[in-house]
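Chemist: Requesting a structural model of the entry that follows:
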Amino acid sequence: MCQAIAALPDVAAAERIFMNVAHAALHLLAADPRLDRSMSAGVLETMQKVEADFRHSPGVTVLADDLANLHASADSALKAIGEDAPACVA
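Modeler: This next block holds a predicted model:
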């Protein structure tokens with residue numbers, strides 16, 4: 001997500017990065033059996049919101065916020081299974 005956020009305001013580049021780098025990994029994270037159902041659902045729901053943003057172009061600010069929320073959700077899920085996610089470098 002960090003790379004997709006950094007690509008903004010180029011929404012097309014952010015989408016390419018999201019789909020090529022993060023999308024499959026997020027599905028794997030959400031399916032991890034060590035996560036409880038609510039944590040898995042949270043990752044999937046925030047990911048779905050980002051995917052909808054790419055389809056409906058709500059604006060760069062909304063997309064950036066939704067990507068940041070997805071990063072936070074994934075970070076929480078990773079911590080719940082004992083993994084650390086690197087912070088996004090500004």
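Chemist: Go ahead and name everything in contact with stretch 5-24.
Modeler: 1, 3-4, 47, 50, 54, 57, 60, 63-64, 67-68, 71, 88 (CB atoms under 8 Å, 6 or more residues apart in numbering). In short, each C-beta sits where N, CA and C put it, glycine included.
Chemist: Now residue 79: which helix or strand?
Modeler: helix 60-80 (DSSP states H and E).
Chemist: I'd like to know which elements that helix is packed against.
Modeler: Here helix 60-80 touches helix 2-7, helix 11-17, helix 23-30, helix 37-56, going by 3 or more CB pairs under 8 Å, 6 or more residues apart in numbering; DSSP states H and E.
Chemist: hmm, 6 Å instead?
Modeler: Contacts defined by 3 or more CB pairs under 6 Å, 6 or more residues apart in numbering; DSSP states H and E place helix 60-80 against helix 37-56.
Chemist: Buried residues, the helix it packs on. List them.
Modeler: Buried residues in helix 37-56, counted by 16 or more other CB atoms under 10 Å: 39, 40, 42, 43, 44, 46, 47, 49, 50, 51, 53, 54.
Chemist: just to revisit the earlier point, could you check the angle the helix holding residue 79 makes with helix 37-56?
Modeler: When axes from the mean of the first three to the mean of the last three CA atoms, to 10 degrees is applied, the directions of helix 60-80 and helix 37-56 differ by 160 degrees.
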